[in-house]
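Participant: How does the following fold in three dimensions:
(one chain, ligands or ions: 2)
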Amino acid sequence: MEDLKDVYLTPLPESQYVKPFRLHYTQNGKQKNWDLLEVHDSVAVIVFNVTRKVMIFVKQFRPAIYYNNVHPKDRQSDQIDTNKYPASLGIALEMCAGIIDKNKSVEEIAQEEVLEECGYNVPLKKLQRITSYRSGVGVQGALQTFFYCEVTDEMKTEQGGGVDDEIIEVVEKTIPEIEALVTSPGPISSPPSCLFALMWFLHYKADQFRK
Ligand SMILES: Nc1ncnc2c1ncn2[C@@H]1O[C@H](COP(=O)(O)OP(=O)(O)O[C@H]2O[C@H](CO)[C@@H](O)[C@H](O)[C@H]2O)[C@@H](O)[C@H]1O
Ligand SMILES: [Mg+2]
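Facilitator: Residues are numbered from 1 along each chain as shown. Ligands and ions are numbered 1, 2, ... in the order given. Model (predicted):
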């Protein structure tokens, strides 16, 4: 995962993942505009293994986090120096998540992501829909739907780690380790949605799993 080289930037061509726009509007009689990015809606899933009382996280290289850890003056060069900026700067710890880019229900997408990324084969009825919310209100505003799912060791039928060219590491954390994560002074290399998920779990679910 941390073998990174040949990092450089180009302007964005036509993309199936990110579409930049300027939205023009008149509000209270005043003409305004806002620059935004159209991105896919998504699902995220808290996966908790009740056999061993551990939460399942996915760890992966996130180019956007990496980029933001590169000093602006070093973003202009032909190549970003990976000795100065190693891959570890872009590695994030997250809940299992995926974009909605198929004509399937959010439950089916969530089920697929849990299998592909974490290796657990869960029946649809085990997926508890928690809520949905807007991510990135400044430039995105896409909807993310959140699920909670309890799994057992018996449900782990595959390795996980993602499909196609995805490179994902499955990481397990105990409840005390989750508490340490959310109270860390940061910067925490996780999205706010993940931290919300952890707080939700600690508030509503964790007590029944503490010895
Ligand atoms: N911008 C991009 N450029 C190039 N290739 C891209 C791309 N976006 C997606 N892809 C490709 O599509 C795949 C999509 O992966 P997933 O469906 O697991 O979504 P991901 O977890 O990245 O994002 C989900 O999880 C994160 C973390 O919660 C949310 O921020 C996000 O909104 C949600 O969709 C990637 O592995 C990559 O191959
Ligand atoms: Mg994903």
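Participant: Bridge partners for Q27, pull those for me.
Facilitator: K30 (DSSP bridges).
Participant: Can you name the residues of the chain sitting close to ligand 1?
Facilitator: Within the chain, the residues that sit near ligand 1 (C-beta under 6 Å from any ligand atom) are 17-18, 40, 42, 44, 94, 97-99, 135, 166, 191, 193. Heads up, the C-betas are built off the backbone N, CA and C, glycines and all.
Participant: Return a selection command, for use in ChimeraX, containing the buried ones of those residues.
Facilitator: Only the buried entries of the residues of the chain next to ligand 1 go into this ChimeraX selection, using 16 or more other C-beta atoms under 10 Å:
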select :42,44,94,97,98,135,191,193
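Participant: how near is the residue located most distally from the centre of the chain to R22?
Facilitator: The C-alpha centroid of the chain is most remote from G29, which lies 38.9 Å away (C-alpha atoms, centre = their mean). Per C-beta to C-beta, to the nearest Å, G29 is found 20 Å from R22.
Participant: ok, and what's touching stretch 64-76?
Facilitator: With contact meaning C-beta atoms under 8 Å, 6 or more residues apart in numbering, stretch 64-76 is reached by V7, L9, I80, D81, K84, Y85, A87, L89, G90, I91, A92, S189.
Participant: Out of these, which end up buried?
Facilitator: Here, 16+ other C-beta under 10 Å leaves V7, I80, Y85, L89, G90, I91, A92, S189 buried among the contacts of stretch 64-76.
Participant: give the contact list for the closest residue to the last one other than its chain neighbours.
Facilitator: With C-beta to C-beta, 6 or more residues apart in numbering as the criterion, S189 has its nearest non-adjacent residue at 4.9 Å, and that residue is A92. Contact criterion C-beta under 8 Å, 6+ apart gives K59, Q60, F61, R62, I65, S189, S190, P191 as the residues in contact with A92.
Participant: before we move on, back to that, so which of the contacts of stretch 64-76 comes closest to ligand 1?
Facilitator: Among the contacts of stretch 64-76, A92 lies closest to ligand 1 (C-beta to the nearest ligand atom), at 7.8 Å.
Participant: The closest one sits in which helix or strand?
Facilitator: Remark: A92 resides in strand 91-94, with elements defined by DSSP states H and E.
Participant: That strand pairs with which strands?
Facilitator: Short version: by DSSP bridges, strand 91-94 pairs with strand 54-61 (antiparallel).
Participant: Off-centre distance for the partner strand?
Facilitator: Remark: strand 54-61 is offset 9 Å from the chain centroid, using C-alpha atoms, centre = their mean, to the nearest Å.
Participant: and it, does that touch ligand 2?
Facilitator: No - with C-beta under 5 Å from the ion as the criterion, ligand 2 is not reached by strand 54-61; the gap is at least 6.7 Å.
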